[in-house]
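Peer 1: take this sequence and fold it.
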Amino acid sequence: MDHKKIMARLNRTMATIDGAYAAIAKKYGLTYNGLMAACLIADTTAITQKQIGDALQLSKSTVHSILMDFVKQDQVVFTTGANKKEKYLLFTEAGTAFFAPVLKETDAFEERILSALGETACEQLVRTANELEEIIAHDGKIKEELQ
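Peer 2: Numbers count the residues shown, from 1 in each chain. Have a look, this model is predicted:
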């Protein structure tokens, strides 16, 4: 097995996927990370800034910067969570209106490409990706390097 070639192919595939999302984001004046954050806010009833950072593997400052841009544009508000420190993010009325077409196009893109791939292949792809994630998460050497 040629590890370098396999990882290069996987990385090219991921870059192509990210590039497609980036193109959608750019069309609406967003960054790739801004689009991903908006998708997370839209897909949950209660999400925190920390949860967005963890999900997207972004620093606190990067997530905060993205969210502050949304707040300045009156697209997102912070609401009090279970305790006073915990703040959940919600779209405002203006945010819902702005992000509706963005999310609709993103959803249509995902449906189109995954339908073309087929249900069986999608299930296998997710299963394999989950296995890879578990291997990486439990690799002691990588854990040391990430800390």
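
Peer 1: find the nearest non-adjacent residue to the residue nearest the centre of the chain, please.
Peer 2: Centroid-nearest residue in the chain, with C-alpha atoms, centre = their mean: residue 36, separated by 3.7 Å. Beyond its immediate neighbours in the sequence, the residue positioned closest to residue 36 (C-beta to C-beta, 6 or more residues apart in numbering) is residue 56, lying 5.3 Å away. To be clear about C-beta, it is placed using only N, CA and C from the backbone, and glycine gets the same treatment.

Peer 1: before we move on, back to that, look up how far residue 22 lies from the residue nearest to the centre of the chain.
Peer 2: Look at residue 36 and residue 22: by C-beta to C-beta, to the nearest Å, they are 10 Å apart.

Peer 1: likewise for residue 45?
Peer 2: Here the criterion is C-beta to C-beta. By it, residue 45 lies 27 Å from residue 22.

Peer 1: look at the two and report which has more neighbours.
Peer 2: For residue 45 versus residue 22, the count of surrounding residues by other C-beta atoms under 10 Å is larger for residue 22: 17 against 6.

Peer 1: how about that one, what does it touch?
Peer 2: Contacts of residue 22 were listed using C-beta atoms under 8 Å, 6 or more residues apart in numbering, and they are 31-32, 35.

Peer 1: from the residues you listed, list just the buried residues.
Peer 2: Among those, those classed as buried by neighbour count (16 or more other C-beta atoms under 10 Å) are 32, 35.

Peer 1: reformat the contacts of residue 22 as TSV; add pLDDT, secondary structure and distance to residue 12.
Peer 2: Formatted as TSV, the entries for these read as follows, by pLDDT from 0 to 100; DSSP: H, G, I helix; E, B strand; the rest coil; distance: C-beta to C-beta, whole Å:
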residue	pLDDT	secondary structure	distance to residue 12
31	97	coil	21
32	98	helix	17
35	98	helix	21
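
Peer 1: which one of the contacts of residue 22 is nearest to residue 129?
Peer 2: Proximity to residue 129 was ranked across these by C-beta to C-beta; first place goes to residue 32, at 19.2 Å.
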